[in-house]
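>>> Fold the following.
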Amino acid sequence: MAKDDVSKPTEESATTETLLDRAVEKSLLHAVFGHDPTRRAVLRTMGTGAALAALETVFPLGAAKAIAAEAGKVSAIEKKAPKIGFIPITCATPIIMAHPMGFYSKHGLDAIVEKVAGWAVIRDKAIAGETDATHMLSPMPIATTMGLGSQAVPFVLPAIENINGQAITLHVKHKDKKDPKQWKGMTFCVPFEYSMHNLLLRYVVAEAGLDPNKDITIRVVPPPEMVSSLIAETVDGFLGPDPFNQRAVFQNVGFIWKLTKDIWDGHPCCAFACSKDFMEKNPNTFRALIKAVIDATQYVKKPENRKEVAGAIAPRNYLNQPVVVVEQVLTGSFPDGLGNMLNVPDRIDFDPFPFHSMAIWIMTQLKRWGYITGEVDYKKIAEQVFLAAECKKTMEELGHKSPASTTTKHMILGKEFDPDKAAEYEASFKIRKA
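Residues are numbered from 1 along each chain as shown. Coordinates of the predicted model:
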């Protein structure tokens, strides 16, 4: 081995080890000799070194120091101030609220949250390492891992940010077009190709007998620009994240046609993700981040906390939205733009568990519409990207109940999805990319 290859502890780590050894020695002397006068008398007579040498004949002092040192390594956070990217939508609520409400600091982090305008940018910043962890649409870590739309970089998803939380909103001029069969020739926007928004819009349109590749136009528009696109009438509607569905109602330009919870109740929406490389190089930072996000998720899950959270995330540096709009989304008490006041407490909900079956469904739809070609090992990719075991462990450490299984059956517009029959399910659709 070359001389330069020999590793040695830094001055900082040597100092830490020395202090830790002294703390172990002090604790042992205190435990054996008791109160201060007795301990001081013994040490005056024998000397600290001799006293410790005598004790080591009956107590494994070296082993105790090693255990203490290892415990210190386990708990050390490698990166105290990780940078986390987010898009200003209510789907990012746990990631955002954890900053002003102290969930990051509770778990030993001085996290920096950075607002990003669009999904392609947030993906590219994460791939380039400009952010350490990031808010992502739940299909994005799968797409990035598989190299769909970008270079292939392994990403992991240890927690879902929110379930439900989207809607199909139409321009007010289309109040007479409540049947999707009437949407032929219309233009819709979604926030990203690799999104639940795109996949669910396509699903709804295809179930109505229209081909989303031929009978409607689908454009990608960043969420903050969706309402202005509706105002300008460059689109007829969108399947988008909140608060922009509610903002369209607030500005009297749109009405909520259907909440996505009425398409698939409990569907995944956004997620907390990072590169596999970051997870492996910073395991303790990764664990602290997951704890902070899951802690925040469980807090906002409780209805009685929703208004408080709305006030925390509405300001300019986060969502930059009227508090009343954010409250309407989070509480589920809202006008729909058709003259009705609705009460849907789980319009948006929060459950961090990343079921592998969610990932498998996403991949069946990516394959259906030609984003994925060739054979797909659904189960393998789902297990690589959706870290259900990691989430389960963290939930239980924090005292929360977790699901017994990593897969479950899902119901989408009345049609059951069985993850054990994914290939048959994907092949069953008549309307698909040719």
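>>> so where's the stretch 101-250 of the chain shaky on pLDDT?
Within the stretch 101-250 of the chain, no range satisfies pLDDT under 70.
>>> could you pull out the helices for it?
In the stretch 101-250 of the chain, the segments counted as helices under DSSP state H, counting those that start in this stretch are 103-106, 119-127, 140-146, 196-207, 226-231, 244-250.
>>> who wins for proximity to His171 among those?
helix 226-231 (5.5 Å; CB to CB). No exception for glycine: its C-beta is placed from N, CA and C like everyone else's.
>>> quick one, what contacts Ile313?
Contacts were defined as CB atoms under 8 Å, 6 or more residues apart in numbering; by that measure Ile313 touches 90, 93, 96-97, 100, 319, 326.
>>> circling back to that earlier point, wait, which of the helices of the stretch 101-250 of the chain is closest to Glu304?
Of all those, helix 103-106 comes closest under CB to CB, at 17.3 Å.
>>> Tell me which other helices or strands that closest one touches.
helix 283-301 (3 or more CB pairs under 8 Å, 6 or more residues apart in numbering; DSSP states H and E).
>>> OK, contacts around Thr131?
83-85, 114, 122, 125.
>>> From the contacts of Ile313, which land in helices?
Counted as lying in helices by DSSP state H, out of the contacts of Ile313, are 93, 96-97, 326.
>>> Report the buried members of the residues you listed.
With burial judged by 16 or more other CB atoms under 10 Å, the buried subset of the ones in helices among the contacts of Ile313 is 93, 96-97, 326.
>>> Local confidence estimate at Gln365?
According to the prediction, Gln365 has pLDDT 98.
>>> Ignore what I typed, I meant Thr18.
So Thr18 comes in at 51 (pLDDT).
>>> got the helices of the stretch 101-250 of the chain as a markdown table, with distance to Ala273 columns?
Converted to a markdown table, these look like this (distance: least, CB to CB, whole Å):
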| stretch | distance to Ala273 |
| --- | --- |
| helix 103-106 | 17 |
| helix 119-127 | 7 |
| helix 140-146 | 5 |
| helix 196-207 | 14 |
| helix 226-231 | 23 |
| helix 244-250 | 22 |
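>>> and Lys302, which of those helices is closest to it?
Proximity to Lys302 (CB to CB) singles out helix 103-106 among the helices of the stretch 101-250 of the chain, at 14.1 Å.
>>> How far off centre is the closest one?
16 Å (CA atoms, centre = their mean, to the nearest Å).
>>> mind listing what's buried in that helix?
Buried residues in helix 103-106 (16+ other CB under 10 Å): 103-104.
>>> can you check stretch 225-239 too?
Residues of stretch 225-239 classed as buried by neighbour count (16+ other CB under 10 Å): 225-227, 229-230, 235-239.
>>> now do stretch 127-147
So, applying 16+ other CB under 10 Å, buried residues of stretch 127-147: 127, 131-146.
>>> before we move on, back to that, the contacts of Ile313: which two are farthest apart?
Farthest pair in those, by CB to CB: Thr90 and Pro100, 15.0 Å.
>>> who's in contact with Glu104?
Let me fix one detail, which is that residue 104 is Tyr and not Glu. Counting by CB under 8 Å, 6+ apart, Tyr104 makes contact with 98, 110-111, 289, 292.
>>> between the residues you listed, which is closest to Pro419?
Using CB to CB, the contacts of Tyr104 come closest to Pro419 at Leu289, 27.7 Å.
>>> That closest one reaches Ala133, doesn't it?
Yes. Using CB atoms under 8 Å, Leu289 is in contact with Ala133, at 5.6 Å.
>>> So for these two, which residues contact both of them?
By CB under 8 Å, 6+ apart, the residues touching both Leu289 and Ala133 are 82, 84, 272, 274.
>>> Let me have those residues in JSON lines, extended by secondary structure and pLDDT.
Shown next, in JSON lines, are the shared contacts of Leu289 and Ala133 (DSSP: H, G, I helix; E, B strand; the rest coil; pLDDT from 0 to 100):
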{"residue": "Pro82", "secondary structure": "coil", "pLDDT": "98"}
{"residue": "Ile84", "secondary structure": "strand", "pLDDT": "98"}
{"residue": "Phe272", "secondary structure": "strand", "pLDDT": "98"}
{"residue": "Cys274", "secondary structure": "strand", "pLDDT": "98"}
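>>> Show me which of the residues you listed is closest to Ala312.
Ile84 (15.9 Å).
>>> correct me, but that closest one touches His135?
Yes. Under the criterion of CB under 8 Å, Ile84 makes contact with His135 at 7.3 Å.
>>> Now list whatever residues contact both of the two.
Common neighbours of Ile84 and His135 (CB under 8 Å, 6+ apart) are Ile95.
>>> Quick one: residues contacting the residue nearest the centre of the chain.
Closest residue to the average C-alpha location of the chain: Phe272 at 2.0 Å, with CA atoms, centre = their mean. Phe272 sits next to 94-95, 133-136, 157-161, 289-290, 293, 352 when contact means CB under 8 Å, 6+ apart.
>>> can you tell me how far the residue lying closest to Tyr194 once chain neighbours are set aside sits from Leu366?
Excluding the flanking residues, the one nearest Tyr194 by CB to CB, 6 or more residues apart in numbering is Ala143, at 4.0 Å. Ala143 is 7 Å from Leu366, where distance means CB to CB, to the nearest Å.
>>> cool, and Leu398?
On the measure of CB to CB, Leu398 and Leu366 end up 32 Å apart.
>>> Neighbour count: the two, which is higher?
Leu366 (23 against 15; other CB atoms under 10 Å).
>>> Next secondary structure after the helix or strand that contains that one?
Applying DSSP states H and E as the criterion places Leu366 in helix 356-368. Using DSSP H and E, the helix or strand that follows helix 356-368 towards the C-terminus is helix 378-385.
>>> Which parts of that following helix count as buried, going by neighbours?
Going by neighbour count (16+ other CB under 10 Å), the buried part of helix 378-385 is 378-379, 381-385.
>>> Mind putting those into TSV with pLDDT and distance to Lys106?
Formatted as TSV, those follow (pLDDT from 0 to 100; distance: CB to CB, whole Å):
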residue	pLDDT	distance to Lys106
Tyr378	98	37
Lys379	98	36
Ile381	98	33
Ala382	98	31
Glu383	98	30
Gln384	98	30
Val385	98	27
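>>> Which residue comes closest to Pro154 once chain neighbours are left out?
Once flanking residues are discounted, Pro154 sits nearest to Lys276: 3.9 Å by CB to CB, 6+ apart.
>>> On the pLDDT front, check that neighbour for me.
98.
>>> what's the answer for Ala434, then?
80.
>>> Can you give me the distance of it to Asp211?
9 Å.
>>> Let me know the closest of the contacts of Ile313 to Lys258.
For these, the residue nearest Lys258 by CB to CB is Thr90; the value is 17.5 Å.
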